[in-house]
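Novice: structure for the following, please:
(4 chains, ligands or ions: 2)
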Amino acid sequence: MPGKTRQHISQNESLLFEISSPGKQGYQLPDLDVPAVDPAEALGAARAEIEDFPEVSEIEVIRHFTRLSSWNYAIDLGMFPLGSCTMKYNPRVNEHVARTEGLMWAHPYQPASLSQGAMEVMAQLESALAEITGMDAVTLEPAAGAHGELTGVLLIRALLEARGNPRKRVIIPDSAHGTNPATAAIAGYTVENLKSNAEGAVDPAELARLVNDDTAALMVTNPNTVGIFEKDISRVTEIMHSKGALVYMDGANMNALVGIARPGDFGVDVMHLNLHKTFSTPHGGGGPGSGAVVVKKHLEPFLPFPRLKRLADAWEWDYDRPQSIGKVRAFYGNFGVLIRALAYIMAHGGPGLKQATLDALLNANYIRKGIEGYYDMPYTSPSMHECVFSHDRQAALGVKTGDIAKRLIDYGFHPYTVSFPLIVHGALMIEPTETESKQELDLFIEAMIAIAKEVETNPKLVLDAPHCTRTPRVDEVLAARKPVLRWKP
Amino acid sequence: MPGKTRQHISQNESLLFEISSPGKQGYQLPDLDVPAVDPAEALGAARAEIEDFPEVSEIEVIRHFTRLSSWNYAIDLGMFPLGSCTMKYNPRVNEHVARTEGLMWAHPYQPASLSQGAMEVMAQLESALAEITGMDAVTLEPAAGAHGELTGVLLIRALLEARGNPRKRVIIPDSAHGTNPATAAIAGYTVENLKSNAEGAVDPAELARLVNDDTAALMVTNPNTVGIFEKDISRVTEIMHSKGALVYMDGANMNALVGIARPGDFGVDVMHLNLHKTFSTPHGGGGPGSGAVVVKKHLEPFLPFPRLKRLADAWEWDYDRPQSIGKVRAFYGNFGVLIRALAYIMAHGGPGLKQATLDALLNANYIRKGIEGYYDMPYTSPSMHECVFSHDRQAALGVKTGDIAKRLIDYGFHPYTVSFPLIVHGALMIEPTETESKQELDLFIEAMIAIAKEVETNPKLVLDAPHCTRTPRVDEVLAARKPVLRWKP
Amino acid sequence: MLAAIGLNSLEDLYAHLPGEVLLNRPLDLPPGKSEYEIIDYFRRQGDRNAVGYASFLGAGAYAHFRPVLCDVVASRGEFLTSYTPYQAEMAQGTLTTIFEFQTMVCQLTGMDVANASMYDGSTAAPEAAMMAVRVTGRHKILASRGLHPEYRTVLGTYFRYEGGPVVEFGYDAATGQLDWADLESKLDGDTAAVLIQSPNFFGCIEDWKRAAELAHKHGALLVYMFSEAVSLGLLEPPRDADIVAGELQSFAHPPSYGGPYAGIIATREKFLRQLPGRLVGETKDSNGNRAFCLTLSTREQHIRREKATSNICTNQALIALMATVFMSVYGKEGLRELAHQNLSKAHYLASGLDRRFSAPFFNEFVVRTNGKTPEAINATLLEQKIAGGLPLGRFYPELSDCVLLCATEMSKREHMDTVRKAFL
Amino acid sequence: MLAAIGLNSLEDLYAHLPGEVLLNRPLDLPPGKSEYEIIDYFRRQGDRNAVGYASFLGAGAYAHFRPVLCDVVASRGEFLTSYTPYQAEMAQGTLTTIFEFQTMVCQLTGMDVANASMYDGSTAAPEAAMMAVRVTGRHKILASRGLHPEYRTVLGTYFRYEGGPVVEFGYDAATGQLDWADLESKLDGDTAAVLIQSPNFFGCIEDWKRAAELAHKHGALLVYMFSEAVSLGLLEPPRDADIVAGELQSFAHPPSYGGPYAGIIATREKFLRQLPGRLVGETKDSNGNRAFCLTLSTREQHIRREKATSNICTNQALIALMATVFMSVYGKEGLRELAHQNLSKAHYLASGLDRRFSAPFFNEFVVRTNGKTPEAINATLLEQKIAGGLPLGRFYPELSDCVLLCATEMSKREHMDTVRKAFL
Ligand SMILES: Cc1ncc(COP(=O)(O)O)c(C=O)c1O
Ligand SMILES: Cc1ncc(COP(=O)(O)O)c(C=O)c1O
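Specialist: Ligands and ions are numbered 1, 2, ... in the order given. Predicted coordinates for the structure are as follows:
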């Protein structure tokens, strides 16, 4: 029986397996309207039972998950300034329309004649994303950003192969997200590290030095992971193209550009979008997302199949794509996520999308201004949608970015992104997004300043944080030292 | 700006009016597809604005109410043993079906030909309630229990009037719920108090002494408010009937009888049911409910109109009810609540409903057994669905039922019903309902015993409770002394 | 568990009941059904109702768009499955929202205090009238024939034994507003209250300033009622009224075949002690922080019993919460724009039609059917999946050639054109 | 705010961007729409799809009943709008549910460890294969033709540059199960893994014990895949497999036109370090109470970069949560009964039809159309609002006269009778 180790019940929710006891049920099935078949007979062997599987009542299920949910922080509770993650408000109307009966119950193999609505939704989204990025063609198949990266690099490889030589290397700035190199490796490329310059940006000279006939592509993030727009981006793409190499852009930071600049206009050949960032689909504790990939015309023939094809009066799926890299995922992509992204685009419209971008820039720069007197800034070029600080000043007093992050929890905020990008030693990466109000931003700035002072006056307070959560500092080292990855009786 | 008076943001949510600032918007309307009309012109005078009305963004709305919700306790978080309130699990499928498009958007005045589904639902519920109570006819019009009481007493009055004399007095046991006397008064009757006997029950002899030709009815609750079945109920109803008076039964405690005994079988003429208790429709922080009234044949002609009438192949509303008391509410009742109640009845079915009753009795008696050694029991007859204790033993040490209730909060439970019924001095009225697991009951018993001991060893701990809530003891006296009932700038 | 309480079988739990009261057969109800079957059943019943029809029915139940957030908030278990907030320490969520509700109702109506809700608009009428009786010590109630007919019926039911008559006064055959002469002629020294509705049942805006003057001249209270809450987004708040009572269904709740809805009662500070229903007040917790709790319950049945201001206990809290979210989403600007769209759509719908009354109207109005019968017109509309207006003959025999039409922000122009054609 | 940062206009915020990159025109997208219009739009698109059709399509996407609680839980903002639980102190809710998910996946599959989810079943195939390559140091992958055709295509896409070939082995023309001779002939010293699916694409149950023996004999790993998770309610857990990978869509997620779904990978303790994706582990907080956190992230891209076990970052957490609730609601008994209903319905549907394969099947099977074409049969069914089975010619030319039919607990007897008639 789950004892009250701590007084309040919300202070010690047991695991389902501990609540479970034989015979309890939370379900009821309709009476079987056909003859019951004997499993052993029909299947040869049938399992006796699912050992240790939970047995709980319906009210226990709802209580268990409701109580557990109360241990979470979320956008619905407050600001979530994770740099590079674009944690913006997730409009609830998107959840509503994603549950439209005719869409949610559509089977991927049902006849095209009964799928026109679903295809229309995807077609609308494809053209909107093409317009927003200034690219020519779109695939909605990838399930997330990293998946989109893989798709993009495979597209590049396919094109180069078609040109006669897939080449060997992909250049990636040392500021890039880990998925970039991990992806290049899966696509069979060796990764060449590009050192960022004093502004944390790509150095055209350095790049020119690296590129040669073995270089397949550059994977660049713009704005980059220190929140700075690559001012030499046009030069950069020229350099690559002049060597017959291509430019992949990691679009995770697209929230800084929508409506003001388009990668297609500054030489990018292919990029992915994180619909679960820029286009507000909820992260859901880690997913699902969608990593739509947009490309220039020359890469279109290689896109994953099937492709939407417009007939005289209907949509159909075109599988006849001889040059395609194949499929990166079964069916057509995370359709439910695509619905939400289109709903977001429809709600904002052209002007609204640009306004959102401007507000995102405004909020990031407002925070930068508010706290730059208290934290070191490794790169001082103008910030776009996020601003990155380092803990150097605090580390000198023994307090690291991770500690400041934990203390921020006490002030009611989710921490910023900790120690990414790697080029910043002890990074504090802050992205407020456009959906935060000035009131919330001011509270955040207040908190950051208060903590900076605490670091000077009472570092222990910060080092031992958080103090206000039901769960104090969690021992991650212990977890990794002897992994317990499942409950056992 | 809402300051962080307490560190964690969840510790000090501001009022909407304090978050508000000019120009913020959470809505968007479609473009007007017709010519805009000038309000002042069309209406004569139009208001300038709604003074001080909030202006907030969508994300602020969701955060405000999500944060506020985290200050609530609810069935979904744990046991809610409020005696007389039957706080059982509210199945979520009921919420789902109540939002069925064709039902939720049905307009009360749409043609009968387009309302057959809604009428069918009501007809099904009426017949199920008649079968469960053993009565002949049902009205679903009353919006809650008290409303049902009024309907019932008006029915009695109408019948007596039709018989030539409405009579003057309604007899109500001193153990009755406050709505009983309040209702009788609205119906123009004077209330005569019936003293309960040593078992907290109706004393037939005492009753016989009171009844006379001026007596219109007895309002009896069975099981009564101390959770005891009125064993002389048949005798009691005989006494009333022999004097030409009627018997109204308060059905708030019907959760103790469904499937095992029917008021219609022991002489009750009319009663109400709290569908938001016995039939699991959610209380929603205080409502909505439904107070369906069931009657014997002789009261049927007086029921509120309209009545469902079965034609050859369809339902219709019958307004031609010359003897009807009229209407107690516009339209036909709290339809959305009726859907939920029918869904509950369908899910359980006949056998399931009886099982629920048995489990409710079992749980109540299990608790009684578990704590009767620690708290005084004013009435020792067998308990039905709830058990009532008094604080006498604890009061002797200066701790009252209200204090014990507050301390219970620290143990993660909502308190029992405090100081009702009035015949028990310092009552602790405990109704667990059938949907609580043994584990939850054991935790509750544990807590009650622990508190009983605290009262002896450390009364102050109990007197100052709760200690674990974000809001400690709230000053209700101050609130009443100078009422502040609205926010002002 | 049985063993723990010393019983052998579940049946022993009620063995002490007298044999003659026991039901010695199973309930005659079918066995339990699964979620799947239950959803299926109600889906089928819903499909037997009007699905996919455009509707021009109002008359006390309005089809307004429901911002998604209203259901999102009201579906949270912490609100949905909690009880009346008697235990303030674990109910600050509900208490705070009710306090906000009371405040917004006051802001909308121009009153000083509002309660936490009544059953609906129709029961708010007798509650307001009984309140006026308590305040004035008088007994007669004057109710306008422009007040919703069903509200008047409910008023009559409640008042049959209140000792005072409910007298109706008429409407002006030309304007559709109340008949001043008739009202004045019926006002007397025993009149406790004058009940008017604005927009009234015909959609006509009433002159509450003049009605207040008249009522007050005779020492009676003016009760201002409304069934279409959206109108408050544009109409002058009835500041001179003594009690404002009405229906909030328009704020986030669908027509739902007539309920559950939510009634409100608001009044002036000085009548506070006579207000029925629950009230939430601001106070402090033992740390000195702001907190809220139920208050002034000495007015209520559980304390005052037969002397209570009302017998109401359970109210419509969750519907009131939805309305609170609705008001928050729309806010100051939005509610006004919403009202303006209703106004504009209704006037578009009315253009060219033969309006029966001349008074200004909000989103409902009465039209003559000229030759055709209301039923015939509605029949033709039904064929085009449109539920037409309400034929008035049922409530007003003298208006049997008239239909009450309603347009809201959800009314689409093409449907309105179809309706207009049907009348020409 | 602009003033605070010393700017005059919002445009100044990006004034530092090089002119040539700027978009000097508005985006060519329509203006913003209201909630009402957006709901209306998707409603119309949905209505252009199949609505109210009974469906007998399976083939990797299954229509199972979704207990209401799954959406209730997944709709709670605390889960829906939270990020990957990197900050354990404020994410114990998500972390605990993932730990429960990992546990239940192990219980279902008979494996020791499971990760927090993959994109879907199709991408789980290459992830499992790449894992096998890392474990064995070998390069060749053998994939059964009974593995979902789209899974095989995805496998091929991922492996094109992995240095090793993906070789397919056939199925037994009579039984529909894998062709043992063909498999054996292709197994060799460079074979990293053998991928089979059970029930396979034809619905046939494979003999994983024998497949495991065979693979192990050659030092290869056996990867057991599934696309219909409900089958695990009745089938023997594939204990002898080295990796179990599959698709959990059947657990609470609707077909949703192909996604989002949720893939899983489970394996034996000893291969833990090669497992891709996120893992939640148990640990303690500084008070010594049990707590959970993400762990072993040294396998992952954000630490290991190009040497990571996978490039996956965002996964399918919310879908996994729905599946967790689904598994909790059904529980030990329910999942078995659910599987049993699927089994029984499918066998009822199959009775009398000309099954193409003889092997035992779960809730899918292949039938010959004898004379008629699959398309013709489906056309007649469509007229009766039934979406028939999947014509197999598209994926298996040799089976162009065959249809893959699927029945679940949602299949109604009368519809099944209609389908059967269409084949006779
Ligand atoms: C810069 C950057 N690139 C790529 C990714 C990977 O995207 P996803 O997590 O959707 O796979 C992320 C997300 O964390 C990111 O921040
Ligand atoms: C015994 C009893 N009678 C009547 C009522 C009144 O019912 P309602 O609150 O639905 O008006 C209640 C509910 O509190 C009750 O417990």
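Novice: and the helix or strand where residue A:97 lies, what does it pack against?
Specialist: Assessed by DSSP states H and E, residue A:97 sits inside helix A:92-98. Helices and strands touching helix A:92-98, by 3 or more C-beta pairs under 8 Å, 6 or more residues apart in numbering or on different chains; DSSP states H and E, are helix A:335-371, helix C:68-74, helix D:35-48. (C-beta placed from N, C-alpha, C; glycine too.)
Novice: below-threshold pLDDT in chain A: ranges please.
Specialist: A:1-11 (pLDDT under 70).
Novice: and if we set it to 80?
Specialist: Applying pLDDT under 80 to chain A flags residues A:1-12.
Novice: strands of that one, start to end?
Specialist: A:137-139, A:169-173, A:190-194, A:215-221, A:246-250, A:270-272, A:293-295, A:307-310, A:315-318, A:387-390, A:417-418, A:427-430 (DSSP state E).
Novice: just put these in CSV and tack on mean neighbour count.
Specialist: Formatted as CSV, the strands of chain A follow (neighbours: other C-beta atoms under 10 Å in any protein chain shown):
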stretch, mean neighbour count
strand A:137-139, 24
strand A:169-173, 25
strand A:190-194, 17
strand A:215-221, 26
strand A:246-250, 29
strand A:270-272, 29
strand A:293-295, 29
strand A:307-310, 16
strand A:315-318, 16
strand A:387-390, 27
strand A:417-418, 22
strand A:427-430, 25
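Novice: give the contact list for residue C:131.
Specialist: By C-beta atoms under 8 Å, 6 or more residues apart in numbering or on different chains, the residues touching residue C:131 are C:243, C:265, C:267, C:271, C:274, C:275, C:276, C:309.
Novice: pop out the phi and psi values for the second one.
Specialist: This means residue C:265. phi -140, psi 130 (degrees, to the nearest 10).
Novice: tally of neighbours for it?
Specialist: With neighbours defined by other C-beta atoms under 10 Å in any protein chain shown, the count for residue C:265 comes to 27.
Novice: measure it to residue C:272 for me?
Specialist: 11 Å (C-beta to C-beta, to the nearest Å).
Novice: overlap in contacts of the two?
Specialist: Contacts common to residue C:265 and residue C:272, judged by C-beta under 8 Å, 6+ apart, are absent.
Novice: quick one: what helix or strand has residue C:173 in it?
Specialist: Using DSSP H and E, residue C:173 falls outside every helix and strand.
Novice: number of nearby residues for residue C:16?
Specialist: Neighbour tally, residue C:16, other C-beta under 10 Å: 12.
Novice: which SSE is it in?
Specialist: Using DSSP H and E, residue C:16 sits within no helix or strand.
Novice: show the pLDDT at the residue of the stretch 201-350 of chain C found nearest ligand 1.
Specialist: Nearest to ligand 1, among the residues of the stretch 201-350 of chain C, is residue C:329, at 30.9 Å (C-beta to the nearest ligand atom). Note on residue C:329: pLDDT of 97.
Novice: roughly how far does it sit from residue D:34?
Specialist: For residue C:329, the distance to residue D:34 - C-beta to C-beta - is 12 Å.
Novice: cool, residue C:124 as well?
Specialist: 32 Å.
Novice: give me the more crowded residue out of the two.
Specialist: Taking other C-beta under 10 Å, residue C:124 and residue D:34 do not tie; residue C:124 has more neighbours (31 against 19).
Novice: which element is that one on?
Specialist: Judged by DSSP H and E, residue C:124 forms part of helix C:121-136.
Novice: so what's residue 193 bridging to?
Specialist: All of this refers to chain A. The partner list for residue A:193 in beta bridges (DSSP bridges) reads residue A:172.
Novice: hm, I was asking about chain C
Specialist: residue C:141, residue C:221.
Novice: likewise for residue C:54?
Specialist: What pairs with residue C:54, by the bridge criterion (DSSP bridges), is residue C:386.
Novice: from residue B:116, how far off is it?
Specialist: 20 Å.
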